[in-house]
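> I would like to see how this sequence folds:
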Amino acid sequence: MRDARHRKPVLIGPRCKNDGGGRRSTSIRYIVIHDAEAPSDAAQGVANYGARTNNSVSWHVVVDDNMLIRQLPDLVIGWAAPPLNTNGLQIEMCGYARYSALQWWQHRATLYRAAWQVAKWCRDYKIPPRWLSDVELDEGEKKGIVTHAQVSRVYKKSDHTDPGEGFNKVIPEHSATIRRWFMSLVRRRLKWLNE
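So this is what the prediction gives:
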């Protein structure tokens, strides 16, 4: 099994306390990348927060260096990035918007785990493994992958900047940005899932 150590563990629950109700699979068009503003080993703490908070927030999965926790079924609307809640899948990666490229690179295990989940969603909902530009997101004609920061810039419904500028910076001693490297992980895992 390729990259077996990052495929598991996948834990179920606790369920996020708040959500937007059910939806059809055909409505899913986007995968939204977030950071959880939490340390790289805090998935369980983030999950517990999602299960008890009275704030109107929720997400489908949270991932850290050690595990992935599912908190909402895909066909339940998460409250994470308006207006892309109804048609988006929301993944929270433990880390901070202030992270540099080096800090994201130091937590590659989180990115590997997140890439597996994103690849599965791409396969299951026929979302091409491509990063949309702000213009493409605004036009709304293409399916794809975006960050919460892009959703904020394009729709101006929040001021979130996650996963931060470091996600778009070049990895030290490499020619790729974290985002480009992450997308290569997603494409490779999607290929493996389709074999």
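
> shaky segments in this structure?
For the chain, the stretches flagged by pLDDT under 70 are 1.

> same thing but at 80, please
Applying pLDDT under 80 to the chain flags the ranges 1, 172-173.

> For it, which segments count as strands?
10-12, 30-35, 61-63, 68-70, 88-93, 144-147 (DSSP state E).

> ok, residues contacting the first one?
The reference is to strand 10-12. Identification of contacts with strand 10-12 by CB atoms under 8 Å, 6 or more residues apart in numbering yields 67-70. For the C-beta atoms, the positions are set from N, CA and C on the backbone; glycine is no exception.

> Now that strand: buried residues?
Leu11 (16 or more other CB atoms under 10 Å).

> chain center to it, what's the gap?
Computed by CA atoms, centre = their mean, to the nearest Å, the chain-centroid distance of strand 10-12 equals 16 Å.

> just to revisit the earlier point, of all the strands of the chain, which lies closest to Gly166?
strand 30-35 (9.8 Å; CB to CB).

> Check the gap between Lys156 and Leu84 for me.
13 Å (CB to CB, to the nearest Å).

> out of these two, which sits in the more crowded spot?
Taking neighbours as other CB atoms under 10 Å, Lys156 and Leu84 compare with Leu84 leading, 24 against 8.

> so Arg2 sits right up against Leu193, yeah?
No: at 9.7 Å, Arg2 does not count as touching Leu193 under the criterion of CB atoms under 8 Å.

> and these two? which has more neighbours close in?
Set Arg2 next to Leu193 and count neighbours by other CB under 10 Å: Leu193 wins out with 14 against 11.

> List the contacts of that one.
Counting by CB under 8 Å, 6+ apart, Leu193 touches 119-120, 123.

> Now for Trp61: which residues touch it?
For the record, residue 61 is Val, not Trp. If a contact means CB under 8 Å, 6+ apart, then Val61 has 68-71, 90-92, 117 as its contacts.

> try 7 Å this time
68-71, 91, 117 (CB atoms under 7 Å, 6 or more residues apart in numbering).

> Apply the buried test to the residues you listed and list what passes.
Taking 16+ other CB under 10 Å as the criterion, what is buried in the contacts of Val61 is 68-71, 91, 117.
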